[in-house]
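Undergrad: sequence and predicted model, in that order:
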Amino acid sequence: MKKNIILSLLLLICVTISAQMPKPVQFITSLKNISDNEIQIQFKGTIENGWHVYSTDLPNGGPISATFNTDKLEGARLNGKLKHAGNEIEKFDQVFEMKLRYFEKEVIFTQNIQLTSPIYHIEGYLEYGACNDETCLPPTEVPFNYSGKGINAFDQPMAGEKEVTKDITSADSIKAETLPVAKTADTDNRWQSVAKELQAFGKQQASQNHSWIYIFLAGLAGGLIALFTPCVWPIIPMTVSFFLKRAKDKKKGIRDAVIYGISIVVIYVTLGIVITLLFGGNALNALSTNAIFNLFLFALLIVFAASFFGGFDLTLPSKWNNAVDNKAEQTGGLLSIFLMAFTLVLVSFSCTAPVIGLLLAGVSTTGNMIAPIIGMLGFAIALALPFTIFALFPSWLKSMPKSGGWMNVVKVVLGFIELAFSLKFLSVADLAYGWHLLDRETFLALWIVTFALLGLYLLNIIKFPHDDDETHTSVPRFFMALVSLAFAIYMIPGLWGAPLKAVSAFAPPMTTQDFNLNNKVVHAKFDDFDAGMDYAKENGKPVMIDFTGYGCVNCRKMEAAVWTDPRVYSLINDDYVLISLYVDNKKKLSEPIKVTENGKERTLRTVGDKWSHLQMTKFGALTQPFYVLIDNNGKPLNKSYSYDEDINKYLEFLQTGLNNYKSGK
């Protein structure tokens, strides 16, 4: 009885945390010739330090033994039991209260097969158990599928042979992320382009213009935020003084002011164009989840936050600013106005750079080459407009608030915000590379503390080096503190699995939550296209493919705002086979693969490259999120769906696809 209770508890622990466990065991299957009428299936396993895989034929009441199982055995029969090779360790286990045998670092299991017919087909799986000193993983399967005929079939891999690396998975998830596998006729058909058939259903359920407007507004908001930073605000009087000296008549003053504003816009939009030309849509997407890039942005925002808190002053070399400023004074005509605009960009760099970085990192996940240009256009217009207005109407300068203590408050508040957003970049790198350093509840805990401290600062409970010695809290600061503290309290239920739609775009996905009381969260059973399609065909279900990304902000919004609806949850979970393909998954493929994409050769090196290639070649798309419904043969069932949080539209999208599948369309 005691052993059964212990086993039950261990299994419960496995199911609860397996989604967050690393993948400590990897198996590769192979087929070897023993004689003219005998073959051997070999499972070679690599085990991470601290983990062990249990041996065969363990006593009852203990952990699961390694076993060989067949679903099909045609033209052949088993010859003996499953054998093992390696350094087998025998030790008394205090938990199971029995002697157990297991392997560390590596193990090889082999099963001999006697052939009884010239043609054979063997399909099944190896099942094994793995533990470390703290926890056990659920029973895990390593599938195999071999067929052949004649002696020549034994000398080299056969047409149906697969080299499969099977990752440790959770009880409700099946993952097989190795490429390449030898393709059968089914897999060849599945990967064929259906872009024309998809377009025949009509335009996808989300307007690209909507996302462009969103990006433009995001840039506009970024420019307005940058305008109130300490680096930009003091430049306004200097700008007005510059134009008052030059303007001899009103018409010329208006012309110069307009040209000045246009110059600011041109400089920032040019930056967006350069970034687009350097990287392009695909490369921007890859860059947005690159570990070095994200860790650099994380460190950069931490440095800027420390500077805004008053730890140190961060400025460009003064000779750069002086050189450009002097050149603007000495040069006449349009060039001097452009140089003055360039001076503004240089002087304000230490405050605008973090905002620009956040903007460009956000739009890079859209995969759209025009997105950086649109974002920078919005940013530049917001930043240039006030300077243009004050250059046109210099008398308005008198009514403008003077810089002072309030500006340091703005600076510190921006420091807190940059500190919070820096975690987003660390999270993206953490998710893409599977480090598990910043899971959802850890991320939320840090945000809760950050915004709680911001609230305390606004209430004058916390002071920073450059703050005034105010004895009272102004009304605006009080309301800002109220919002910040309320936001911190709002996030607390997220530690136990609450969706938190307001922060879903920034927090890691719900699947990284270690302790989750919310049982209505959609989890994809598959993150491998071919494995999911095989399962769908066997069970007679349509497929929903979710092209997503760890760094995809809009993907998290859809999952929190739409997938949590009970009707959507029911349709996806009960009527479809959900396959989530992460285009920014940095796991290396077993070997690089060269493919042709749009007439150009491309090398696929990661699992994410594989899914990005599938999305582009099969469906003619690059953006995420991208949802497409297909039948068991890979043919579309409805128009595609992109980012749109309208639940009724999403339900219609799912239901139409299901109806078309049932009617055989």
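TA: Noted; the coordinates are in hand.

Undergrad: surely residue 38 touches residue 115?
TA: Yes: look at residue 38 against residue 115 with C-beta atoms under 8 Å: they come within range, at 6.6 Å. (Glycine included, C-beta is placed from N, CA and C.)

Undergrad: show the average pLDDT along stretch 106-118.
TA: In this model, stretch 106-118 has an average pLDDT of 89.

Undergrad: helix or strand with the lowest mean pLDDT in the chain?
TA: In the chain, the helix or strand scored least confidently by mean pLDDT, DSSP states H and E is strand 165-166, which has a mean of 36.

Undergrad: neighbours around the residue lying closest to residue 191 once chain neighbours are set aside, how many?
TA: Of all residues not flanking residue 191 in the chain, residue 618 sits nearest, at 6.2 Å (C-beta to C-beta, 6 or more residues apart in numbering). Residue 618 has 21 neighbours, counted by other C-beta atoms under 10 Å.

Undergrad: assumed residue 618 was part of a helix.
TA: Yes: under DSSP: H, G, I helix; E, B strand; the rest coil, residue 618 falls within a helix.

Undergrad: to what extent is residue 92 buried, counted in neighbours?
TA: 9.

Undergrad: which residue packs closest to it, ignoring adjacent ones?
TA: residue 99 (5.3 Å).

Undergrad: list the contacts for the residue nearest to residue 191?
TA: Applying C-beta atoms under 8 Å, 6 or more residues apart in numbering to residue 618 gives the contacts 191, 192, 193, 194, 195, 634.

Undergrad: quick one, what contacts the first one?
TA: Shown in contact with residue 191 (C-beta under 8 Å, 6+ apart): 183, 614, 617, 618, 634.

Undergrad: not counting sequence-adjacent ones, nearest residue to the second one?
TA: Just to be clear, that refers to residue 614. Leaving aside its sequence neighbours, residue 614 sits nearest to residue 529 (C-beta to C-beta, 6+ apart; 6.2 Å).

Undergrad: can you verify my assumption that the one you found contacts residue 611?
TA: Yes: between residue 529 and residue 611 there is a contact at 7.3 Å, judged by C-beta under 8 Å.

Undergrad: anything in contact with each of those two?
TA: residue 581.

Undergrad: more crowded one of the two?
TA: More crowded of residue 529 and residue 611, by other C-beta under 10 Å: residue 611, with 26 against 21.

Undergrad: for the more buried one, helix, strand, or coil?
TA: Put simply, residue 611 is helix when judged by three-state DSSP.

Undergrad: pretty sure it is touching residue 585, no?
TA: Yes: the criterion here is C-beta under 8 Å, and residue 611 meets it with residue 585 at 7.2 Å.

Undergrad: buried ones in the one helix or strand residue 488 maps to?
TA: Element membership of residue 488 [criterion: DSSP states H and E] is helix 475-491. Judged by neighbour count (16 or more other C-beta atoms under 10 Å), helix 475-491 contains these buried residues: 477, 480, 481, 484, 485, 487, 488, 491.

Undergrad: export the contacts of residue 618 as TSV, with columns for secondary structure, distance to residue 25 and pLDDT.
TA: Converted to TSV, those look like this (DSSP: H, G, I helix; E, B strand; the rest coil; distance: C-beta to C-beta, whole Å; pLDDT from 0 to 100):
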residue	secondary structure	distance to residue 25	pLDDT
191	coil	29	83
192	coil	34	85
193	coil	37	84
194	coil	36	86
195	helix	39	82
634	coil	31	89
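
Undergrad: which among the residues you listed gets closest to residue 644?
TA: Nearest to residue 644 out of the contacts of residue 618 is residue 195 (C-beta to C-beta; 20.5 Å).
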